[in-house]
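In: sequence first, then the predicted structure, then my questions.
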Amino acid sequence: MHWSFKTGYHETAAKKFISTGAPFPECKSWKRFHGPGSLEGWILVEADNADACYEHAAEWAEIMDWEVTPVLTDEQAGPLVAKAYGLG
């Protein structure tokens, strides 16, 4: 998940983050990264579905823009690529 502050909401977001700690919904694991000196950051999430990502993004949607990009491991992607190209 990539986040960036909407124009004019940096202070509002900072106050919300400091006061709440911005807890993430329950999932297998997650870790948040901040871009120092920027207005953006990333959250790496391991989950069986996108529910936690959607819930967290919705909670912050008024003050942040989000891009959520699902990713697969080689082991997960390989069979899908093989199926798509009739290679197996």
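Out: Okay, I see it.
In: so how many other residues sit close to the nearest residue to residue 70 once chain neighbours are set aside?
Out: Spatially, and ignoring its direct neighbours in sequence, residue 70 is nearest to residue 50 (6.9 Å; Cβ to Cβ, 6 or more residues apart in numbering). Heads up, the C-betas are built off the backbone N, CA and C, glycines and all. Residues lying near residue 50 (other Cβ atoms under 10 Å) number 14.
In: now residue 4
Out: 15.
In: find the nearest non-adjacent residue to the residue sitting furthest away from the middle of the chain, please.
Out: Computed with Cα atoms, centre = their mean, the residue of the chain farthest from its C-alpha average is residue 88, at 33.1 Å. Distance criterion Cβ to Cβ, 6+ apart; nearest residue to residue 88, sequence neighbours excluded, is residue 82 at 3.8 Å.
In: okay, now residue 10: neighbour count?
Out: Count around residue 10 with other Cβ under 10 Å applied: 14.
In: distance of it relative to residue 39?
Out: 6 Å (Cβ to Cβ, to the nearest Å).
In: quickly list what's touching both of these two.
Out: The contact sets of residue 10 and residue 39 do not overlap (Cβ atoms under 8 Å, 6 or more residues apart in numbering).
In: and the helices in this protein?
Out: Shown for the chain, the helices assigned by DSSP state H span residues 10-20, 51-60, 74-84.
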